[in-house]
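J.: Sequence and predicted model, in that order:
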Amino acid sequence: MVETQFRYRADEPAGDPAVTVDSFGDQTNAAAVRIEPGDDARVLLPYLDRLKLVEVNFPAYTDGRGYSAARILREAGYAGELRAVGDVLVDQLAYMRRCGFDSFAPEHPLNTADAEAAMARYADVYQPTVDGRAPVWAKRHG
Amino acid sequence: MYQYDKYDQALVDARVADFRDQVRRRLDGSMSEEQFRPLRLMNGLYLQLHAYMLRVAVPYGTLSSAQMRMLGDIADKYDRGYGHFTTRQNIQYNWIKLDDAPDILADLAKVEMHAIQTSGNCIRNTTSDQYAGAAADEVVDPRPYAELIRQWSTFHPEFSYLPRKFKMAVIASNTDRAAMRLHDIGIQIVRNDAGELGCAFYVGGGMGRTPMIAPLIRDFVSLDQMITYSEACLRVYNRHGRRDNKYKARIKILVHELGKDEYTRQVEEEFAHLLTQNIEPPLAELERIKAQFTDPAYDLSASDDLDRSDPDFALWVDNNCLAHKQPGYLSATISLKPVGGIPGDATSDQIRLMADLAKEYSFDELRVTHAQNIVLPHVRKADLSTLWQKLDAAGLGTANLDLVGDIIACPGLDYCSLANARSIPVAQKISERFAGKQQEIGELKLKISGCINACGHHHAGHIGILGVDRKGVENYQLLLGGCEGADTSLGQITGPGFDEDGIVDAVEKATNLYLANKQGDERFLDTYRRLGMAPFKEAIYAKESVNG
């Protein structure tokens, strides 16, 4: 199992292994699920209360469907851990956090200093997302 | 025009630092070329045949003199003394070194410019009408809406790894001068029956190997929902656009495969959801932006008279100038298509001269057009003759706007690693062949692409030329009847292709047939539409002995 390199949550990580979206519906006790790029994140919406961990897999970092999946879950009120796994690289971390990811398990560990610098680089953002940061227009019109 | 506040400037400055760090990690080997490629592309840096190419964003084609001057200086400092204005109202430099790129971005940031999202599978620089704010026929200046989209789309965290590139255009006139319906999203600002402004959304247009004209999916989105509606259009695309085949990955294929009605249904459903998320900037933000696009301080006593005694000047006025909403003024187009020249190229001296002339005669403002020319939007008629003389002395006074010599051409095989054939030499030969005849032929939009990706807009040319590779030899297909604008149509291929000289002859045969058959004031396109393909095909492929 790939290690979680960055985690921005205070609670204990869920111990359960993540099951596929297909088998999730049948396993009424499962508290962790793994979304592949082609999966519809909205099928999970009825079960958000019992979910502790959603892993979103990025088999290739150029496939951006996982960003929409993450935002859709957060917009629906999902408050558990949202972990990006797979081809997760330094320059995508900031956008992933903006879309609601709060833990990262890159397939190949990242240089921590580079990753932290990249995540901290932009003090302001133009769009409101699910990360709670006020967009520039909100600051302009206070 | 729009000026950055501290937030805009800080974001662009941070991007310079960001890219500098990315280049460092690439050069020290901690990032592979494969990992670096999409990052550099999202910053407009392509690896071409001979060197890196850097594409600089010119949001909705609007530039100040200071920005234009910087573009000239960059051409000298980091390139070979020239720049190339593109069909997306941007400028690109063809001879860039990777380790210079961060310094170029730093220079650009000094004049509120950048190269953000000028390439890559993200939302690209938003384009608009080159006469925005000046045209007599516009409902409203479309640029504030384009600026709102620029900010929303910049570093959008959900839509930076889309299936494919995504291009948006915003216009506000019934006359479409931005090829709006050939964009992934085309927005037309309209006024409804109640007199309110809103947006008509056209989604799923594009050129490339499968050209499509965008269908209208919503005839009125209120201004305080424009960003939310755009977000819904993008989210449906990001989730469901094809990723298995890059040639079927544009949104036009999704809209086509789902059908307009089903795509629209999904967008409306997502839109209803997103309305609950409060992601729309307040109208106060639009008002803040609008306040920076107010009219310049026109000379209200400017004379409407024009001394047309110099026939060369009169010809240039008739060809290159457009009516202005303000009496006593015109918008003047500077043709970057001199006879035999490379379409869209300008030397650093020419770029700086245009910057100076804009400051002196056009309230400090210039526009880049998608036809690869430059516009001085607000010129007093009284100044026009002096302006033209200064332009003409610098090789910038060509009177051929929308004539056959005003060719759109992609860089082609002279620069581009995707091209199958050269575009520039064909453009030069056609420009020379028709130099003495273009006035007689009248409006004729000729567009050349060096491969099926259609960067030269050949599908939308009254005459289009597509360069292909036929068994290792450059071959050129001829298309007729394409058109952008309110009556958008796609060109049809005439038949077998030609070699480089043959295509020039074929164009001439088509124009000869037009001249022999035109009725009244018909343009080439009108005659083609009336007669259809058959007589043109017959003339183009007739044996030499028949036509002599």
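T.: In hand now; what should we look at? Predicted model only: the values in this text are computed from it and were never measured. Numbers count the residues shown, from 1 in each chain, chains lettered A, B, ... in the order given.

J.: Please enumerate the helices of chain A.
T.: For chain A, helices defined by DSSP state H occupy the ranges A:21-24, A:65-75, A:93-98, A:112-120, A:136-140.

J.: What about the closest residue in space to A:Val2 that isn't next to it in sequence, how many residues nearby?
T.: Excluding its sequence neighbours, the residue lying closest to A:Val2 (CB to CB, 6 or more residues apart in numbering or on different chains) is A:Ala105, at 4.8 Å. From N, CA and C alone the C-beta is placed, and that goes for glycine too. Applying other CB atoms under 10 Å in any protein chain shown, we find 19 residues neighbouring A:Ala105.

J.: With A:Glu116 instead?
T.: 14.

J.: For B:Asp79, the count of nearby residues, please.
T.: 22.

J.: Who are the contact partners of it?
T.: B:Tyr93, B:Asn94, B:Trp95, B:Ile96 (CB atoms under 8 Å, 6 or more residues apart in numbering or on different chains).

J.: which intervals of chain B have sub-threshold pLDDT?
T.: Applying pLDDT under 70 to chain B picks out residues B:544-548.

J.: show me where the stretch 51-200 of chain B has helices.
T.: B:65-78, B:101-110, B:143-153 (DSSP state H, counting those that start in this stretch).

J.: out of those, deepest packed?
T.: Mean neighbour count, computed with mean count of other CB atoms under 10 Å in any protein chain shown, is highest for helix B:143-153 among those, reaching a mean of 25.

J.: Which residue does chain A have closest to chain B?
T.: A:Gly64 (2.8 Å; CB to the nearest CB).

J.: which residue is nearest the middle of chain A?
T.: A:Phe101 (2.6 Å; CA atoms, centre = their mean).

J.: Assess the claim that that residue and A:Ala70 are in contact.
T.: Yes - with contact defined as CB atoms under 8 Å, A:Phe101 reaches A:Ala70; the gap is 5.6 Å.

J.: got any residues that touch both of those two?
T.: By CB under 8 Å, 6+ apart, the residues touching both A:Phe101 and A:Ala70 are A:Val56, A:Leu82, A:Ala84.

J.: In the contacts of B:Asp79, find the pair that's most separated.
T.: B:Asn94 and B:Ile96 (7.5 Å; CB to CB).

J.: coming back round to it: any idea how far A:Arg9 is from the residue nearest to the centre of chain A?
T.: 11 Å (CB to CB, to the nearest Å).

J.: got any residues that touch both of B:Asn94 and B:Ile96?
T.: B:Ala51, B:Met53, B:Asp79.

J.: Name the member of those with the shortest distance to chain A.
T.: B:Met53 (20.9 Å).

J.: That closest one bridge partners, please.
T.: When bridges are called by DSSP bridges, B:Met53 pairs up with B:Tyr46.

J.: isn't it right next to B:Leu45, touching?
T.: Yes - with contact defined as CB under 8 Å, B:Met53 reaches B:Leu45; the gap is 7.4 Å.

J.: got a list of what residue 56 touches?
T.: Since no chain was named, I'll use chain A. With CB under 8 Å, 6+ apart, A:Val56 has these contacts: A:Arg34, A:Ile35, A:Gly66, A:Ala69, A:Ala70, A:Leu82, A:Arg83, A:Ala84, A:Val85, A:Phe101.

J.: ah, I was thinking of chain B
T.: Taking CB under 8 Å, 6+ apart as the test, what B:Val56 contacts is B:Gly44, B:Leu71, B:Ile74, B:Asn90, B:Ile91, B:Gln92, B:Tyr93, B:Leu108, B:Met113, B:His114, B:Ala115, B:Thr118.

J.: same thing but 6 Å
T.: B:Ile91, B:Ala115 (CB atoms under 6 Å, 6 or more residues apart in numbering or on different chains).

J.: same question, the one 10 residues further on
T.: For B:Ala66, the contacting residues are B:Val111, taking CB under 6 Å, 6+ apart as the criterion.

J.: and if you look at B:Gly206?
T.: B:Met212, B:Arg250, B:Lys252.

J.: State the number of residues packed around the last one.
T.: When counting by other CB under 10 Å, one arrives at 26 neighbours for B:Lys252.

J.: what's the burial count for the closest residue to chain A within the stretch 101-250 of chain B?
T.: Using CB to the nearest CB, B:Tyr161 is the residue of the stretch 101-250 of chain B that sits closest to chain A, at 2.8 Å. Neighbourhood size, B:Tyr161 [other CB under 10 Å]: 24.

J.: And B:Gly83, by the same measure?
T.: Residues near B:Gly83, counting by other CB under 10 Å: 25.

J.: right, and it touches B:Ala75 too?
T.: Yes - with contact defined as CB atoms under 6 Å, B:Gly83 counts as touching B:Ala75 (4.8 Å).

J.: circling back: mind checking which of the contacts of B:Gly206 land in helices?
T.: B:Lys252.

J.: can you tell me how far the closest residue to A:Ala138 other than its chain neighbours sits from B:Asp299?
T.: Among residues not flanking A:Ala138 along the chain, A:Pro128 sits closest, at 7.2 Å (CB to CB, 6+ apart). Distance of A:Pro128 to B:Asp299, given as CB to CB: 44 Å.

J.: Check B:Phe220 too.
T.: 38 Å.

J.: Name the residue in those two with the higher neighbour count.
T.: Ranked by neighbour count (other CB under 10 Å), B:Phe220 and B:Asp299 place B:Phe220 first, with 16 against 13.

J.: can I assume the more buried one sits in a strand?
T.: Yes - residue state for B:Phe220 (DSSP: H, G, I helix; E, B strand; the rest coil) corresponds to a strand.

J.: I appreciate the help and will end here.
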